[in-house]
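Visitor: Structure of the sequence below:
(chains A, B, C and D)
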Number of protein chains: 2
Amino acid sequence: MARSAAAKALPTARGADRKRLLDEEIADRLRESILKGELEAGERLTELSLANQWQVSQATIRAALKLLQGEGLVEYRKRRGTFVTSISEADVLEIYTLREMLEAFAARRAAQRVTAHGRKSLERIMRNMRAAARTGDRRRMLELDFEFHRAIVNMSGHRRLLEIYAKLESQTRLFLTMTDVLHHDLEDAIAHHEPLGNAILAGDHQRAFELASHHCERDAVELVRALFHKT
Amino acid sequence: MARSAAAKALPTARGADRKRLLDEEIADRLRESILKGELEAGERLTELSLANQWQVSQATIRAALKLLQGEGLVEYRKRRGTFVTSISEADVLEIYTLREMLEAFAARRAAQRVTAHGRKSLERIMRNMRAAARTGDRRRMLELDFEFHRAIVNMSGHRRLLEIYAKLESQTRLFLTMTDVLHHDLEDAIAHHEPLGNAILAGDHQRAFELASHHCERDAVELVRALFHKT
DNA sequence: TTCATCACGATTATCGATAATATGTCAATC
DNA sequence: GATTGACATATTATCGATAATCGTGATGAA
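Guide: Numbers count the residues shown, from 1 in each chain, chains lettered A, B, ... in the order given. Okay, the predicted model is just below:
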């Protein structure tokens, strides 16, 4: 019991010893529940019952919900409460058109400012992708897919862009983690990521821009079909 | 008997009877103070003192600050408090590169889906701009400038885009409302907005895209020079 | 039956108080 | 003189309770 050793009898330190804020802790658990699908889309989240459930005050729950609201995982209607965001086909299109634009922009900038650190992370991710393809680990591939794109946005060195992108990523997870529609062919996934990564590492910003643009568009089409037009 | 008439003596309804939430009310006042410059950039906002100042509870202040945080007008450091956002040259560049991209995207989409309603608002704004130019009202021109671009983003019919753009707009106000750097030449302002508006109304999405892109870039250069390199 | 109205129950909005923590001060030490 | 550490202080984090409000179903009139 680490920090715990001395703090054994801290009045308010419940359960495990935390360093983080309580509302972040709660937000994490809620986020997990939502992304796992334990909380269904559209489900209502009642502040007081969550407060009882986790033995924290309503204010803390409120703060946690605000956090998730900022990530676009829940929606808030005043005096009505908070609901798990449900994503429509129009939403998917919105998210992907935005991602397409942002990622293309990010890829161009990234190609223009490759750092040693950026190069290393991108290379690592691509290496891991190939490994995941070999072992046929689709869930891992999906995670690496997210990492890959986030790394590119990171390399763009644009803080606000990264913020916006992070929000889009969590919303993407909202409908991607549960379904299994992407990456049926893992080799195919590699084939669609490596060229982009290489273009960036080579500093070819024009090509990076185009590849990123097309990459996203392709995913979007595939996704919408899989999610909504499964006949 | 409506609730307003009978509710004359509502215990907690302070001042006038409100329909809006208290934290929104407070957020409005705070926003105004910040944008007017009454609260300086970097200034610390103490929850309890604001609570006393406006006779509301700390929780309400907290909620209001969260709102402003979402707009990017204040920054939050945990256990440290909330501070009025201060904008650096790098921030201005970030904001404008983002705006350039988003507005170009929005302009293209707007041109592709002009509605009667959209057409009317855009035309009204352009008419008002000409009027402002005639009367030499620079403050009004600035406001119309904001309206113009917001209208375009609105016409794009992309909810998430509008959200992101709104946030960028408030941050733009953070450094634009106080200074007076833009629109020295009002005729010039007209000359730089009308072609874009007309391209959109004509449905020329290619041209709208290019004009929006250049428009923003031009503003950015002018602004950065005026704000940071004024020698 | 159909519609409007009115209590009631559930839930959010707001409050005031207490606990926890960061920051600055000042003395003691090297 | 610089550094460290304990303490006081200011401020956020969290709590539990109360007030306001919304949705709903019951009730009664047309």
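Visitor: Nearest to DNA strand D within chain A, name that residue for me.
Guide: Residue of chain A nearest DNA strand D, by CB to the nearest atom of the strand: A:Leu22 (2.8 Å). Every residue, glycine included, has its C-beta placed from N, CA and C.
Visitor: what's the spacing between that residue and DNA strand C?
Guide: Between A:Leu22 and DNA strand C the computed distance is 10 Å (CB to the nearest atom of the strand, to the nearest Å).
Visitor: who touches the nearest residue to that residue once chain neighbours are set aside in this structure?
Guide: Of all residues not flanking A:Leu22 in the chain, A:Thr60 sits nearest, at 5.2 Å (CB to CB, 6 or more residues apart in numbering or on different chains). Residues near A:Thr60 by CB atoms under 8 Å, 6 or more residues apart in numbering or on different chains: A:Leu22, A:Asp23, A:Ile26, A:Ala51.
Visitor: Check what contacts stretch A:128-148 and list those residues.
Guide: With CB under 8 Å, 6+ apart, stretch A:128-148 has contacts from A:122, A:125-126, A:169, A:172-173, A:176-177, A:180, A:182-183, A:186-187, A:189-190, A:193-194, A:197.
Visitor: let's go with 7 Å and repeat that
Guide: For stretch A:128-148, the surrounding residues in contact (CB atoms under 7 Å, 6 or more residues apart in numbering or on different chains) are A:Ile125, A:Glu169, A:Leu176, A:Leu182, A:His183, A:Leu186, A:Glu187, A:Ala189, A:Ile190, A:His193.
Visitor: again, but for stretch A:192-200
Guide: Taking contacts as CB under 7 Å, 6+ apart, the residues outside stretch A:192-200 that touch it are A:107, A:110-111, A:114, A:122, A:126, A:129, A:148, A:152, A:207-208, A:211-212, A:215.
Visitor: Dump the C-alpha coordinates for it into PDB.
Guide: Extracted in PDB, the C-alpha atoms of stretch A:192-200 (Å, rounded to 0.1, in the frame of the first residue of the first chain):
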ATOM      1  CA  HIS A 192      -3.600   0.900 -47.100                       C
ATOM      2  CA  HIS A 193      -1.600   2.400 -44.200                       C
ATOM      3  CA  GLU A 194       2.100   1.800 -45.200                       C
ATOM      4  CA  PRO A 195       2.100   4.000 -48.300                       C
ATOM      5  CA  LEU A 196       0.800   6.900 -46.300                       C
ATOM      6  CA  GLY A 197       3.300   6.300 -43.500                       C
ATOM      7  CA  ASN A 198       6.100   6.100 -45.900                       C
ATOM      8  CA  ALA A 199       5.100   9.200 -47.800                       C
ATOM      9  CA  ILE A 200       5.100  11.100 -44.500                       C
END
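Visitor: Flag every buried residue along it.
Guide: Buried residues in stretch A:192-200, counted by 16 or more other CB atoms under 10 Å in any protein chain shown: A:His192, A:His193, A:Leu196, A:Gly197, A:Asn198, A:Ala199, A:Ile200.
Visitor: The residues you listed into TSV, with extra columns for pLDDT and secondary structure?
Guide: Conversion of the buried residues of stretch A:192-200 to TSV gives the following (pLDDT from 0 to 100; DSSP: H, G, I helix; E, B strand; the rest coil):
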residue	pLDDT	secondary structure
A:His192	90	helix
A:His193	95	helix
A:Leu196	97	helix
A:Gly197	98	helix
A:Asn198	98	helix
A:Ala199	98	helix
A:Ile200	98	helix
